[in-house]
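okay, structure incoming, though there's no sequence with it:
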């Protein structure tokens, strides 16, 4: 854990080993994880196991603010803070043996989960375009019950620019996780003195959970293209869906649900029912029950680090504040959350992963 | 405005009826069972209802069981919009893109 913590930068505003030139950053925004693989981070075979192949078409580097470029320059290949993490886990329960076999998951196996996104770059894109959209909503006379719903008609220039900028941020996130994946493999290779192939460190899947995408769905028997917003929701496409790679065509799309650092995370599968009822979507995590401030108040006088250690979970964190914010009881019980999606049929449980070691920002 | 006005569809889903709030173009659906129902914040219910008022929304305004209050749209939210009549909103994706 110590070595991973040293190898993969974490914490608010953490800077990575990669320094992007302006030209590099533009290429990265256009090509996502493909950029990372071309630079030697990971393998081409990883790409088919990433949603949209790790690169969504239609990103436009020309609609990105200078401020976003600056924030993005040094943060590629970093974990960040908040609920983001890197976890070493073990598979402690298999619910669907057949699907687990297809994914290469088995009881007692060690897994590594990365939860991070587009870092300060994406945050800046959102900030920039909320300002644009507030004006656009007035311009296009959209009656909003809450100013925070600021939006623009899909075909307006404002909307198309946001879509192109958001896609660039999505690509930034896919590249970011791909770089981290590569360094994790390197670290394991060094520590265990064996190749990633011998160690069996292959990617199961990489999936987004804060994104808007144009997708085809069937609405009242009619096929329609829609712009699906998922905010804290994960795509959960069923077996046979044309967007899935061949390896997952039979079982459906793997869905990764990162939990809080003390309880568990889950691997699920997308279903036909999700396609019919939720535009192919399911949950994304445990979901907070306490605000960050509440959690910090509750953690006063406690050592969350020690409590985790007593549970047998090694934690390395850049700041005490993050640990307090992220303590397990600040979240709903992930098992309840996942059970609802499983029982409602919008995703299917495959495996439960228990944390062994956590790197937090 | 409160949780009493929601209707339980089945053991995993609550409905926000279309008449819950003025301007709703469709209903809302929150995926929660009776256990997670106790963790529902009134602010996040309002947010799911608010999204149902947006132009061009297709199908219900939905929220997953990990729902909690976010910027404009609830975290855990799913909403689809028509490409001709609908909108796109940064709040529907959030700050932590991807």
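Arrived safely. If you're wondering where the values come from, they're calculated on a predicted model, not measured in any experiment. Numbers count the residues shown, from 1 in each chain, chains lettered A, B, ... in the order given.

need the three-state assignment for residue A:238.
Of the three states, residue A:238 takes coil under DSSP: H, G, I helix; E, B strand; the rest coil.

tell me how far the residue lying closest to residue A:249 once chain neighbours are set aside lies from chain B.
Of all residues not flanking residue A:249 in the chain, residue A:240 sits nearest, at 6.0 Å (Cβ to Cβ, 6 or more residues apart in numbering or on different chains). For the C-beta atoms, the positions are set from N, CA and C on the backbone; glycine is no exception. According to Cβ to the nearest Cβ, to the nearest Å, residue A:240 and chain B sit 21 Å apart.

mind checking pLDDT for residue A:240?
Here, the pLDDT recorded for residue A:240 equals 98.

contacting residues around the spatially closest residue to residue A:204 that is not a sequence neighbour?
Distances taken as Cβ to Cβ, 6+ apart place residue A:103 nearest to residue A:204, at 5.3 Å, with adjacent residues excluded. Residue A:103 makes contact with A:204, A:205, A:251, A:254, A:267, A:350, according to Cβ atoms under 8 Å, 6 or more residues apart in numbering or on different chains.

tell me the contacts of the residue nearest the centre of chain B?
In chain B, the residue lying closest to the centroid (Cα atoms, centre = their mean) is residue B:48, at 2.3 Å. Residue B:48 makes contact with B:16, B:28, B:30, B:61, B:62, B:63, B:67, B:74, B:77, according to Cβ under 8 Å, 6+ apart.

got the contact list for the second one?
Shown in contact with residue B:28 (Cβ under 8 Å, 6+ apart): B:15, B:16, B:20, B:45, B:48, B:49, B:51, B:52, B:60, B:61, B:62, B:63.

try it again with 10 Å
When contacts are counted by Cβ atoms under 10 Å, 6 or more residues apart in numbering or on different chains, residue B:28 is found next to B:6, B:14-18, B:20-21, B:45-52, B:60-63, B:74, B:77, B:79.

tell me the pLDDT of the closest residue to it other than its chain neighbours.
Once flanking residues are discounted, residue B:28 sits nearest to residue B:16: 3.2 Å by Cβ to Cβ, 6+ apart. As predicted, residue B:16 sits at a pLDDT of 98.

and residue A:354, by the same measure?
97.

any bit of the helix or strand hosting residue A:181 sitting next to chain B?
According to DSSP states H and E, residue A:181 maps onto helix A:157-192. Yes. Helix A:157-192 is in contact with chain B by Cβ under 10 Å from any Cβ of the partner chain, via A:158-160, A:162-163, A:165-174, A:176-177.

tell me the mean pLDDT for the very next helix or strand once past that helix?
Per DSSP H and E, the first helix or strand lying C-terminal to helix A:157-192 is helix A:196-199. Across helix A:196-199, the average pLDDT comes to 81.

quick one: the residue at the greatest distance from the centre of chain B from residue B:14, how far?
Here the centre of chain B is the reference, and by Cα atoms, centre = their mean the most remote residue is residue B:84, at 21.8 Å. Going from residue B:84 to residue B:14 by Cβ to Cβ, to the nearest Å gives 31 Å.

does the residue lying closest to residue B:32 once chain neighbours are set aside count as helix, strand or coil?
Take residue B:32 and drop its neighbours on the chain: the residue closest to it by Cβ to Cβ, 6+ apart is residue B:65, 5.2 Å away. On the three-state scheme (three-state DSSP), residue B:65 is labelled strand.

and the contacts of residue B:28, which are buried?
Buried members of those, counted by 16 or more other Cβ atoms under 10 Å in any protein chain shown: B:6, B:14-16, B:20-21, B:45-52, B:60-63, B:74, B:77, B:79.

where do the strands sit along the chain?
You didn't pick a chain, so chain A it is. Along chain A, the segments classed as strands by DSSP state E run A:85-94, A:110-115, A:152-153, A:210-219, A:222-231, A:234-235, A:254-257, A:265-269, A:281-282, A:314-317, A:348-360.

think we crossed wires, I meant chain B
Counting by DSSP E, chain B has strands at residues B:7-10, B:13-16, B:28-31, B:57-68, B:75-82, B:87-88.

same for the fifth one, what does it pack against?
Other helices and strands packing on strand B:75-82, by 3 or more Cβ pairs under 10 Å, 6 or more residues apart in numbering or on different chains; DSSP states H and E, are strand A:210-219, strand A:222-231, strand A:281-282, strand B:28-31, helix B:42-51, strand B:57-68, strand B:87-88.

mind putting the ones you listed into TSV with distance to residue A:7?
TSV is the format used below for the helices and strands packed on strand B:75-82 (distance: least, Cβ to Cβ, whole Å):
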stretch	distance to residue A:7
strand A:210-219	26
strand A:222-231	31
strand A:281-282	32
strand B:28-31	38
helix B:42-51	38
strand B:57-68	30
strand B:87-88	38
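
buried deepest among these, which one?
Most buried of the helices and strands packed on strand B:75-82, by mean neighbour count (mean count of other Cβ atoms under 10 Å in any protein chain shown): strand A:281-282, with a mean of 32.
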